[in-house]
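S.K.: please find the sequence and the predicted model below.
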Amino acid sequence: MGKEKAITKTLWQHTETLPEETMEFLNGIAADYAKVKACTYERYSGIGSLGKLSSIYDIMTEMRHCGLREQLGLPSVYYELAVRDGISDIKGTWGMVKNKVRALITANEQLSGDDRMYLRTVLKLDQAYAAILNRKSYPMPEKAAGLPIDTVHLNNLLCRLTRRHLAQPAPGKADSFSVSPGGYSYKDNALYLVSRTPRRRVMLPLRDNKTSARQIRVCLKKDHAVIAIPAEAKKQTHKDFQNTIYVHLGYQAMCTLSSGNVYGQELGARTAAKSVRLLEKNRERIKLQAKYRESLASGDREKAEKIQANNLGFQKYRRWKDKEQARIESYVNAQLNRMLEEEKPGKIVITKPVTVNKTKLKYKSANRKIAESPQGYVRRRLALKCQVNGIELVEIQSKGTGNICSNCGAEGKRLAEGFVCECCGFKSSIALNGARNIEKKYNGGFIQAWG
Ligand SMILES: [Zn+2]
């Protein structure tokens, strides 16, 4: 039952450098926007409000009449979206709490199968869940009716687990806000935003002539703004895209095809070079911090202030990091585009990502590594490009595609120099063997090997 999903992407539009008073106006709106969100968290992220979240209408009415908007003097075109943003953050937090509780229920060995069935059912029904958390009566969900369970005990457990893991969403930085279409207009290559004064709009000159008729987001930089415009990606179908390709996604070579063609050969090298450069930059930054402490200790205020004005080198480092990331991303995109152009696939077969452990890894460093690895980005971009170009993307289980010989089906060895099969003597890169196995597995070869 596939729901037709609209493909939306974000277009970024830069304003010209803005005068100080315009930046002041924008920062003021962003600050109030953040206050409204924080107030929404305060009011509706508790257990008592879970039942209200399904219908945003009541919350909007309450927030419209609570006096906060008038107190801040924030125009409705910003205020209402701030409330909506706040509510969707709260819903996100509830989603995380439910996942956490679900995992704990699964891990709890003292629960019977029926106990778990009951708890999982309740977690899916917000009204029942809300009633239990607030110690109110509720009709037994149909699915759980007649189960031999101790609901009092289970409800207590559910309350305890929820209370332990529910938190307010963390307040975000006050550096952006959304505007509904009624709150802006365009004229002569400039965006005009509703101001706090009736019938007066604030002009933001733009660097290009993109326009939007939907909700936009204004993101504030130091001396200019960047506007996020949602756009429908046009779905194209290519009559000549008929081939099926089998692709191994790797850390070193980005895409290795079973035909032997490789796209993004340099991904690993580029990622490694980026890490080395960032390490160096970070070392510079740490040195700068040491110098700062030194100059403070030795009483060289002027020098210390100079370093501090530079935010202890942190801003520079972050800019650097963003730039490096953008470089890798543009490489990934260019190579994926080249693959689609040259291979003309109607279908692409890859393996599902291997999840180490469905929850977050224990160590911060491991999480950081995952966050920084371009693998997730490659998969996301490939999925989007397939969607936009009408290409079918098939993900098969990876089991067996790594260590089986794609030539004879025996178990081989993955060595530093590549894949080696001692049974038939086949040798290739690990990636190519993987891609050939994806092709074999998808087409039903070596069935016994896939387990
Ligand atoms: Zn072999």
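M.R.: Ah, there it is.
S.K.: up against the ion, what does the chain have?
M.R.: Residues of the chain lying near the ion by CB under 5 Å from the ion: 405, 407-408, 410, 421, 423-424, 426. In short, each C-beta sits where N, CA and C put it, glycine included.
S.K.: filter those residues to the buried ones?
M.R.: With burial judged by 16 or more other CB atoms under 10 Å, the buried subset of the residues of the chain next to the ion is 405, 407, 421, 426.
S.K.: which two among those residues are spaced furthest apart?
M.R.: 407 and 421 (6.3 Å; CB to CB).
S.K.: mutual contacts of these two, please.
M.R.: With CB atoms under 8 Å, 6 or more residues apart in numbering applied, the contact sets of residue 407 and residue 421 do not overlap.
S.K.: relative to residue 327, how far out is the residue nearest to residue 321 when sequence neighbours are not counted?
M.R.: Closest residue to residue 321 apart from its sequence neighbours, by CB to CB, 6 or more residues apart in numbering: residue 278 at 6.1 Å. For residue 278, the distance to residue 327 (CB to CB, to the nearest Å) stands at 12 Å.
S.K.: looking at those two, which one has more neighbours?
M.R.: Shown here are residue 278 and residue 327; by other CB atoms under 10 Å, residue 278 has more neighbours (16 against 13).
S.K.: show me what contacts the more buried one?
M.R.: Counting by CB under 8 Å, 6+ apart, residue 278 has contacts 320-321, 324.
S.K.: format these as a markdown table; extra columns: neighbour count and pLDDT.
M.R.: Shown next, in a markdown table, are the contacts of residue 278 (neighbours: other CB atoms under 10 Å; pLDDT from 0 to 100):
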| residue | neighbour count | pLDDT |
| --- | --- | --- |
| 320 | 17 | 82 |
| 321 | 16 | 83 |
| 324 | 18 | 86 |
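S.K.: nearest to residue 139, of the residues you listed?
M.R.: Distance to residue 139 across the contacts of residue 278 (CB to CB) is lowest for residue 321, with 53.3 Å.
S.K.: what helix or strand is that closest one located in?
M.R.: Assigned by DSSP states H and E, residue 321 falls within helix 314-343.
S.K.: now do that helix: distance to the chain's middle.
M.R.: How far helix 314-343 lies from its chain's middle: 17 Å, per CA atoms, centre = their mean, to the nearest Å.
S.K.: okay, buried residues for it please.
M.R.: In helix 314-343, counting by 16+ other CB under 10 Å, buried: 317, 320-321, 324, 328, 331-332, 335-336, 339-340, 343.
S.K.: farthest-separated two in those?
M.R.: Taking CB to CB as the measure, the buried residues of helix 314-343 span a maximum distance of 39.0 Å, between 317 and 343.
S.K.: after the helix or strand bottoming out on mean pLDDT in the chain, next one along is what?
M.R.: Every helix and strand in the chain was compared by mean pLDDT, DSSP states H and E; the lowest is helix 364-372, with a mean of 47. Note on helix 364-372: by DSSP H and E, the next helix or strand toward the C-terminus is helix 375-388.
S.K.: hmm, who's touching stretch 43-59?
M.R.: Contact with stretch 43-59 is made by 40, 62-63, 83-84, 86-87, 90-91, 93-94, 126-127, 129-131, 133-134, 162-163, 166-169, as judged by CB under 8 Å, 6+ apart.
S.K.: just the buried ones from those?
M.R.: When the contacts of stretch 43-59 are checked for burial by 16+ other CB under 10 Å, the buried set is 40, 63, 83-84, 86-87, 90-91, 93-94, 126, 129-131, 133, 162, 166, 169.
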